[in-house]
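K.L.:
Let me see the structure of the following:
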Amino acid sequence: METVNIHEAKTHLSRLLDRLVSSGGFIIAKAGTPIAKIVPLSVPDERTRLGFMAGQLRIPPDFDSMGAAEIEALFDGRP
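P.N.:
Numbers count the residues shown, from 1 in each chain. Here you go, the predicted model:
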């Protein structure tokens, strides 16, 4: 793992970050003493899991028309 001093890190931060994934990270040192280790984040896989609640929910057969009368009354101005 590459070690860079603080001045070099501040001067070339963009370049260091561009190389971060391929290099596996770098260490920032102050007067030769390591003070920070910069490593790439591991991003979790955010894929949608289809069917993860299968069998746990029940959708009523009249789901599409539930509350239709009440909604119609609201549009007509009736209570």
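
K.L.:
Scan the chain for its longest helix.
P.N.:
Ranked by number of residues, the top helix in the chain under DSSP state H is helix 13-23.

K.L.:
where's A9 relative to I38, distance?
P.N.:
8 Å (Cβ to Cβ, to the nearest Å). Using the backbone N, CA and C atoms, a C-beta is placed for each residue, glycine as well.

K.L.:
could you dump the helix or strand H7 falls within to CSV, C-alpha only?
P.N.:
Taking DSSP states H and E as the criterion, H7 maps to helix 6-11. Provided in CSV are the C-alpha atoms of helix 6-11 (Å, rounded to 0.1, in the frame of the first residue of the first chain):
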residue,chain,number,x,y,z
ILE,A,6,0.0,15.2,3.9
HIS,A,7,1.2,17.8,1.5
GLU,A,8,1.2,15.4,-1.4
ALA,A,9,-2.3,14.1,-0.4
LYS,A,10,-3.6,17.7,-0.4
THR,A,11,-1.9,18.6,-3.6
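
K.L.:
so for it, what's the average pLDDT?
P.N.:
Averaging pLDDT along helix 6-11 yields 93.
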